[in-house]
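Asks: Give me the fold of what follows.
(2 chains)
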Amino acid sequence: MSRYVLQFYKQGYMKYISHLDLLRLFKRSFKRMEIKLQHSQGFNPHPKMSFVQPLSLGYTSVSEYLEFETNEYEEPNHIIQKLNEAMPDGIGIAACRAIPPSKKTLAAMVEYASYELKFKTNHICDWNEKLEEFLQQDKIIILKKQKKSKNLVEQDIKPMIRDIILKDSIVDNNIITLTTTISAGSNFNLNPENLMKSFCTFLDIPFEKEAISIERKELYCSTSEGNGLVPILKIEFKN
Amino acid sequence: MTLTEQLDKLLMKVEKPARYIGGELHSVNKDLNNVKTRFGFAFPDTYEIGMSYLGLQIIYHILNNTDSVFCERIFAPGIDMEGLMREENLPLFTLETKTPAKEMDILGFTLQYELSFTNIINMLDLAGIPFKSKDRSESDPIIAAGGPCAFNPEPLADIVDFFMLGDGEEVLKKVCEIHQSWKARNGNKREFLEEVCQLKGIYVPAFYEPIYNENGVLQAIEKKYEKAPDKIEKNIIEDLDTVDFPNSNVVPLIEVVHDRAVVEIFRGCTRGCRFCQAGMIYRPVRERSQDRIIDIAKNQIASTGYEEMSILSLSTSDYSKIEPLVTDLMGMCKQNNVSLSLPSLRLDSFSFNVLEQIQGYKKTGLTFAPEAGTQRLRDVINKCITDKDIYSGMEQAISLGWTSVKLYFMVGLPTETYEDLDGIAEIAKNIMDIAYRMNGNKRGRFNVTVSVSNFVPKAHTPFQWCAQDTMESFEEKHRYLREKLRKIKGVNFNYHGTETSHMEAVFARGDRHVCETLIKAWSLGCKFDGWREHFKYDKWLQAFKETGIDDNSYAFKAGNPEDILPWDHIDCGVSKEFLISEWNKANHCEQTQDCRRGCVGCGINTHTECKQEGTL
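Replies: Residues are numbered from 1 along each chain as shown, chains lettered A, B, ... in the order given. Modelled structure (predicted):
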């Protein structure tokens, strides 16, 4: 048995296919390319393959991750080559790395995600100053819908924001580009749309979901020491 | 803003945006500089339904295998998407290149069911193409249509420029050849239609005119173009092994209704059920060879990565070498980790043996279609199965551990009485009794679902002269059955809506007059009529009223075999004499044998060879 992590991008029209669609696409692509995945035991065996962090419908990404296990070892470069042959336009494999087997999934190790957010606005202000003011608040409160009860509860998202930066501080054609690194994963997770909504409320400008395009740039976990971040592909495994 | 930029904006707001993006595995793109015929294959329903239809995969594959032709797909957008398209003035477009449908050379609709007709009007409207042939300009696409409903093309005669009858594999290529030479010499549409109507199976409705007398009775179908054929004979592919079949189907990115590899094993059916239009219009039976089927199945699995495969025909068990075929397929599927699904199996011991092997403990429900509740009525409709067949099949099923069975029946069949409905309840009760007898008191949680549809008389069947039941009568029968079946523990009952069955009957035997109603109904908001949540019966009634059409005169019409029928100039290969004799036999409760036991004289063998004749 061999375990791998695969880095891929999801661009163009492929942003409109859902998490489950993508899972099916990979499953079929592995099958077509005769890469034999390890299957779970039991009455309803399914291939051992999972995404490290789901991507919302409508977001593009330059760095998504898939973790999977095969029956036999195969050269990571062969896997890249074969899968790229099978993928539709808009999805491509950038890297594949064999990693040591572990009970802990990569999904459980993710802590941060970085995004690029582009939004259209006529609002004129000093964006850098406003961003600073926004982040200097004691608390950044959003209303979040509870999954079960559907009640709205207040949540302070400030601890989940690592940074927000105005990219190149160029404000082109009324399009503002921000990059941000925020919590992602099973412990703390911040939806970038909620962050934008909160920022728009702070600026007192309307928030329109369709006017924002979001691209995921990277998924990270923490370095073993200090406060650094390491991309999922480069995770260090202790022996 | 370009169409693609506009589209991107809309896709963020709609349900299942991937319906509109194309780009699937094995979808085709071509360099437009080398393309001479742009063909838009239009399916008048949503992506998920259209992509489950094998005919689309076949035509797409065949046309795109021709270098000079580019076939692109067009589906009916969902209601939400349509609303946004209208708001933003985004025209109907192809999935492959996002080209407006209006820019296609030929736009070909497939006619799978009558209740999709309003969607055709809606799609033409979204494309910005005038509905009626006579209102379209030389620069508008040529509108074509094919599929089973093309055998009564008259309701769409004013809309469609030409219909294709029968198997499309070969004639479509010829149509494209004619299109290219015609385009090269800058001909006008009339010239194109004059030329294609010389091909077998091509019907140009503008070249014919139905003549009615002062009482509105059809007197004759007059030819308006001398060189047009008197009768339009359908196309028949004599040997399925000689035509191309997709080895690499387009694999949808989103889940569709039938998301699997599929091989058609034969076309046609020898059983001759008298209500069944498919059984008449797809004659004769033509089998694909076992080698070819296995070959295609292997290729499809390898090229698609599908985890399920299915075979397709009107009656799987009638394939002449079904046992070796299925054994081979099972072995191949097992080896490739693919699950095999075998629809429309006869419930004999071989089938059970196979189902036991492929389903094991994961048994899916069994379905079984006696169609009528008594032997007498089954003789009338020529559904040649007996009570004994039903009960011995059920005994095997129960002993092998099946816990549910679904039974299909029709109500409103000709000569039906309430005794026949009692027969339906009796069959359900007897099956439950078998379950009690074999599984003891708890009947092994066994349950029976009785599903009833309403009989719709169809063109080119022996029942084309038969009146449909009134809606009141259908409803009374449903009530009666519900009461009877309610008393039997373990039996569920469901039935089709009567309103849609009534509409289906109007268009199944409609003539050119109902076209106005169709357009009117669309203008009142009717579309997706086959979808219960979208069907608007009140609007349909209003449309009939406003266009002066009496829907009942179509649905309840009991014809006389001497009558001239609106589709009499369409020749499906089965002779009118045969249909009349079958209609007479039905009225005398006489069966007609399966033609594998010997020719029954339907007339198809005057057009082509019947390889299955007398093989049993």
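
Asks: Please enumerate the helices of the stretch 451-600 of chain B.
Replies: All helices of the stretch 451-600 of chain B, identified by DSSP state H, counting those that start in this stretch, fall at B:471-486, B:498-508, B:514-523, B:537-547, B:551-555, B:576-587.

Asks: Okay, now the unreliable bits of chain B?
Replies: B:361 (pLDDT under 70).

Asks: Now do the same contact list for the most centrally placed residue in it.
Replies: What sits nearest the mean C-alpha location of chain B, by CA atoms, centre = their mean, is B:Gln112, with 4.0 Å. B:Gln112 sits next to B:45, B:53, B:147-149 when contact means CB atoms under 8 Å, 6 or more residues apart in numbering or on different chains. C-betas here are computed from N, CA, C, even on glycine.

Asks: For B:Glu72, which of the helices of the stretch 451-600 of chain B is the nearest?
Replies: Distance to B:Glu72, taken as CB to CB, is lowest for helix B:514-523 among these, at 24.3 Å.

Asks: what residues are up against the residue of the stretch 201-350 of chain B found nearest chain A?
Replies: Relative to chain A, the nearest point of the stretch 201-350 of chain B is B:Gly305 (3.2 Å; CB to the nearest CB). Applying CB under 8 Å, 6+ apart to B:Gly305 gives the contacts A:27-32, A:86, B:251.

Asks: Stretch A:113-129 near chain B anywhere?
Replies: No - Stretch A:113-129 lies out of reach of chain B by CB under 8 Å from any CB of the partner chain, never closer than 10.9 Å.

Asks: Could you pull up the mean pLDDT of that stretch?
Replies: For stretch A:113-129, mean pLDDT is 90.

Asks: what about it, start to end distance?
Replies: Counting by CA to CA, to the nearest Å, you get 24 Å between the two ends of stretch A:113-129.

Asks: any residues touching that stretch, and which ones?
Replies: A:53, A:59, A:166-167, A:169, A:171, A:174-184, A:192, A:196, A:203, A:205, A:211-220.

Asks: Give me the buried subset of those residues.
Replies: Using 16 or more other CB atoms under 10 Å in any protein chain shown as the burial test, the contacts of stretch A:113-129 include A:53, A:59, A:166, A:176-184, A:192, A:196, A:203, A:211-216, A:218-220 as buried.

Asks: residues from chain B in reach of chain A?
Replies: Contact residues, chain B versus chain A (CB under 8 Å from any CB): B:9, B:11-13, B:17-18, B:21-25, B:251, B:253-255, B:302-307, B:337, B:361.

Asks: rerun at 7 Å
Replies: Remark: the part of chain B in contact with chain A comprises B:9, B:11-13, B:17-18, B:21, B:23-25, B:251, B:253-254, B:302-306, using CB under 7 Å from any CB of the partner chain.

Asks: Which ones among those residues map onto helices?
Replies: Cross-referencing the residues of chain B next to chain A against helices under DSSP state H gives B:9, B:11, B:302-304.

Asks: distance of A:Pro47 from chain B?
Replies: With distances taken as CB to the nearest CB, to the nearest Å, A:Pro47 is found 10 Å from chain B.

Asks: Where does pLDDT dip in chain A?
Replies: Low-confidence segments of chain A (pLDDT under 70): A:168-172, A:239.

Asks: contacting residues around the closest residue to chain B within it?
Replies: Here the residue of chain A nearest chain B is A:Arg28; by CB to the nearest CB that distance is 3.2 Å. By CB atoms under 7 Å, 6 or more residues apart in numbering or on different chains, A:Arg28 lies in contact with B:251, B:304-306.

Asks: By neighbours, which of those residues wins?
Replies: Of all the contacts of A:Arg28, the highest neighbour tally under other CB atoms under 10 Å in any protein chain shown goes to B:Val251, namely 25 neighbours.

Asks: buried sites along the helix ranked longest in chain A?
Replies: Across chain A, the longest stretch assigned as helix under DSSP H is helix A:19-32. Going by neighbour count (16+ other CB under 10 Å), the buried part of helix A:19-32 is A:21-32.

Asks: now for the longest helix seen in chain B, which elements pack on it?
Replies: In chain B, taking DSSP H as the definition, the longest helix is helix B:418-439. With contacts taken as 3 or more CB pairs under 7 Å, 6 or more residues apart in numbering or on different chains; DSSP states H and E, helix B:418-439 sits against helix B:387-399, strand B:404-411, strand B:447-454, helix B:471-486.

Asks: Run through the strands of chain A in chain order.
Replies: For chain A, strands defined by DSSP state E occupy the ranges A:2-10, A:49-51, A:60-70, A:91-99, A:112-120, A:141-145, A:152-156, A:161-166, A:175-183, A:212-222, A:229-231.

Asks: The third one vs chain B: in contact?
Replies: No - counting by CB under 7 Å from any CB, no contacts exist between strand A:60-70 and chain B, the nearest distance being 11.3 Å.

Asks: which residues are in contact with that strand?
Replies: With CB under 7 Å, 6+ apart, strand A:60-70 has contacts from A:1-11, A:15, A:26, A:35-38, A:48-52, A:55, A:105-106, A:215-219, A:232.

Asks: just how off-centre is that strand within its chain?
Replies: Between the centre of strand A:60-70 and the centre of its chain there are 10 Å (CA atoms, centre = their mean, to the nearest Å).

Asks: So which residue of the chain lies furthest out from the middle?
Replies: You didn't say which chain, so I picked chain A. Centroid-distance maximum for chain A: A:Phe43 at 32.1 Å, with CA atoms, centre = their mean.

Asks: nope, chain B
Replies: Most distant from the centre of chain B: B:Asn441, at 42.9 Å, with distances by CA atoms, centre = their mean.

Asks: Give the buried residues for stretch B:585-592.
Replies: Neighbour-count burial for stretch B:585-592 [16+ other CB under 10 Å]: B:585-586, B:592.

Asks: now that stretch, how far from the centre of its chain.
Replies: Its chain's C-alpha centre lies 26 Å from the corresponding centre of stretch B:585-592 when counted by CA atoms, centre = their mean.

Asks: And it, end to end?
Replies: One end of stretch B:585-592 to the other measures 8 Å (CA to CA).

Asks: So which residues make contact with it?
Replies: The contact list for stretch B:585-592 (CB under 7 Å, 6+ apart) reads B:272, B:274, B:376, B:379-380, B:382, B:384, B:414-415, B:462, B:582, B:600.
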